[in-house]
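A.B. asks: What shape does this take:
(2 chains)
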Amino acid sequence: MNKSALKGLLLYDFYCVKKVIVIFVRIFLITFVVGGLLLLSTDYGNLKVINEDKALTKALAGIMVLFAPMICGTGIYTFTNEKFLSNQKTGWNKYLFSLPVSDKLRVATTYAYALFLTFFTFFGTIVFTGSFYFIAGDLSLGATFAFAVMKLPIAISCIVAVFSYINIAISFIFKNAMRTLLFTSGWGVLILYSAIYAQINEKSLENMELVDKLNEMLSFVLERMWLMPILLITSFVLSYIVSLIAIKWRDKL
Amino acid sequence: MEHAIEVKNLVKNYDGFSLKDVSFNLPCGTVMGFIGQNGAGKTTTIKAILNLFKRNGGDIKIFGLDNIKDEEKIKEDISVVFDEICFHDTLNAYQLNKVFSYIYKNWSEKTYLDFIEKFELPLKKKIKTFSRGMKMKLQIAVALSHEAKLLILDEPTSGLDPVVRIEVLDVFREYMQDESRSILISSHLTADLEKIADYITFIDKGKILLSESKDKILESHRIIKCGKDKVSEIKAEIIGSRITEFGAEVLVKDFANNPGATLALGDSFICEGAALDDIMRFYCKGGETGL
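C.D. replies: Numbering: from 1, shown residues only, chains lettered A, B, ... in the order given. The predicted structure follows:
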């Protein structure tokens, strides 16, 4: 594989999303600073008076750690989407085929870019969550608790990454409009199915029972964390293979 | 090597449009104008040459090599300029230099920067601030900075003002000083092609109608202006005619080889050379009336 060309194509992608990356880092930092100040206030500020047994700190930290995968996950999804949309819009996708790079390299560049974003997501999630855990001052609860806190954001990041890989594979098969339609209708079907399922099977659920039910589902996912890396690697490899086949049958430019 | 591009029986079927047995050769060291109306199949043929889609049939060779099997090797020696700039508009000329220096083995930073200076393009301003002419010049600067032996240009001068058009054509002429280089230039601005092209390939509705040297095409076609009742008396291959209330304009082929073609018209006709524009118009429209 021509590593120099790979570097060039990745550099191009990086220049294209540079502005979006800067915006996301800013959002990340603002959320981090605001959340941090809020948490510090529960220990040293006005919120200390209503923070019995550090209950408020734990609750706030819990909410904050959910922001991490959401921000990072939105980031990875936005960056991949931005790349496909702008490459299609500007004609770079077409131009790419006039460059001396193989089909394999064209696909590999996209996945190298996705891999970089996956690391960015996980790194951001772990640093963000760890920092809040540290600021919340609950170190006495030990590493097991810390891992328990990290589980949910990591699971969310994994799921977002899996969706991004599928999105990449679809982008090699369909045009942008069709890709968006497929993705949106996919989410629509999922939500509709959940609503119908709840209407039929869980009619009697009320108030806190619904929350308990959701927690149950969450626990189900968290207990199967070992599945996440398998899911991540499998979706990555399968999407890569599908993309390689699709680019050979290209007919969409 | 005799030909820079050899297209043989190229077939591509789309819904409502198809390329039908497209064949032509671009000899090395020459410029070929690829003309036709909008939607005639020019861009589709160029896309096929670049292997942008899976074709339904035919062979394409570039410098004697198959354009699919030897794609990577071939594309080191090719440069493409599309009608619209294909780079993200937040990038600048400096960043493009970095990107392409990794992609092309023969990238010459010096040549690129010389072109940027020659075209008076700002190095660190974003592309989105460029005018159409500046964008086209930037694409050309990229295309000419890696010692490409074949330049494929898809409507490079459309939408440009006359000053920039002449400037761009001069750059192409300069590029052709090296005789190992060739250009395929697709355009419907035939005036530009008359200035620069050695060969003309004319495509209409996905079919090649003409593919010959420009001089031969211009030499063999004539426009005869005569009375509208005299058209049937012309003894030559009539490509198309335009009848108005004042008379008729007829495009004939192989006029030079047929001295008796207008004998029956006596003195009541005018014979003029046909420009590429006229040739294209009559081939596309055939017989039409301006009444």
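A.B. asks: what's the spacing between residue A:223 and chain B?
C.D. replies: 44 Å (C-beta to the nearest C-beta, to the nearest Å). (C-beta placed from N, C-alpha, C; glycine too.)
A.B. asks: Where does chain A get nearest to chain B, residue-wise?
C.D. replies: Per C-beta to the nearest C-beta, residue A:8 is where chain A lies closest to chain B, at 3.0 Å.
A.B. asks: Name the helix or strand for the closest residue to that residue other than its chain neighbours, please.
C.D. replies: Using C-beta to C-beta, 6 or more residues apart in numbering or on different chains and skipping residues adjacent in sequence, the residue nearest residue A:8 is residue B:102, 3.0 Å away. Residue B:102 belongs to helix B:93-103 when assigned by DSSP states H and E.
A.B. asks: buried sites along the next helix or strand after that helix?
C.D. replies: As assigned by DSSP H and E, the chain's next helix or strand after helix B:93-103 is helix B:109-118. Buried residues in helix B:109-118, counted by 16 or more other C-beta atoms under 10 Å in any protein chain shown: B:112, B:113, B:115, B:116.
A.B. asks: Please list which of these are also close to chain A.
C.D. replies: Among the buried residues of helix B:109-118, no residue lies close to chain A (C-beta under 8 Å from any C-beta of the partner chain).
A.B. asks: what's the most distant pair in the residues you listed?
C.D. replies: B:113 and B:115 (7.3 Å; C-beta to C-beta).
A.B. asks: what bits of the chain have low per-residue confidence?
C.D. replies: This is for chain A. Within chain A, the segments meeting pLDDT under 70 span A:1, A:65-66, A:68-69, A:135-149, A:176-179, A:202-208, A:210-211, A:250-253.
A.B. asks: Correction: the question concerned chain B.
C.D. replies: B:1, B:255-266, B:286-291.
A.B. asks: Now for the residue in chain B that chain A sits nearest to, how many residues are close by?
C.D. replies: Residue of chain B nearest chain A, by C-beta to the nearest C-beta: residue B:102 (3.0 Å). Neighbour count for residue B:102, taken as other C-beta atoms under 10 Å in any protein chain shown: 19.
A.B. asks: Please apply the same query to residue A:186.
C.D. replies: 13.
A.B. asks: just the helices in the stretch 1-150 of chain A please.
C.D. replies: Here the stretch 1-150 of chain A has its helices, by DSSP state H, counting those that start in this stretch, at A:3-44, A:55-90, A:92-96, A:103-135, A:142-173.
A.B. asks: now for those helices, which one comes closest to residue B:198?
C.D. replies: Across those, closest to residue B:198 is helix A:92-96 (C-beta to C-beta), at 27.1 Å.
A.B. asks: Report all helices and strands that the closest one contacts.
C.D. replies: When contacts are defined as 3 or more C-beta pairs under 8 Å, 6 or more residues apart in numbering or on different chains; DSSP states H and E, helix A:92-96 sits against helix A:55-90.
A.B. asks: Give me the distance between the helix it packs on and the centre of its chain.
C.D. replies: Taking C-alpha atoms, centre = their mean, to the nearest Å, one finds the center of helix A:55-90 at 6 Å from the center of the full chain.
A.B. asks: And stretch B:44-55, by the same measure?
C.D. replies: 16 Å.
A.B. asks: Ok, stretch B:138-158 next?
C.D. replies: Worked out by C-alpha atoms, centre = their mean, stretch B:138-158 lies 13 Å from the chain centre.
A.B. asks: end-to-end on that stretch?
C.D. replies: Stretch B:138-158 has its terminal residues 15 Å apart, counting by C-alpha to C-alpha, to the nearest Å.
A.B. asks: Residue 244: neighbouring residues, count only.
C.D. replies: Let's take chain A. 17.
A.B. asks: should've been chain B
C.D. replies: 12.
A.B. asks: Also residue B:242?
C.D. replies: Using other C-beta under 10 Å: residue B:242 sits among 21 other residues.
A.B. asks: In a strand, it, correct?
C.D. replies: Yes. Residue B:242 sits within a strand when classified using DSSP: H, G, I helix; E, B strand; the rest coil.
A.B. asks: wait, isn't it in contact with residue B:231?
C.D. replies: No. In this structure residue B:242 lies outside contact range of residue B:231 using C-beta atoms under 8 Å: 10.1 Å.
A.B. asks: ok, back up a step: in CSV, list the helices of the stretch 1-150 of chain A along with mean neighbour count.
C.D. replies: Formatted as CSV, these follow (neighbours: other C-beta atoms under 10 Å in any protein chain shown):
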stretch, mean neighbour count
helix A:3-44, 16
helix A:55-90, 19
helix A:92-96, 20
helix A:103-135, 19
helix A:142-173, 19
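A.B. asks: Residue A:196: which of the ones you listed is closest?
C.D. replies: Closest among those, using C-beta to C-beta: helix A:142-173, at 22.1 Å.
A.B. asks: Run the chain-centre distance for that closest one.
C.D. replies: 6 Å.
A.B. asks: Which strands or helices does it pack on?
C.D. replies: helix A:55-90, helix A:103-135, helix A:176-201, helix A:207-222, helix A:227-248.
A.B. asks: I am finished for the moment; much appreciated.
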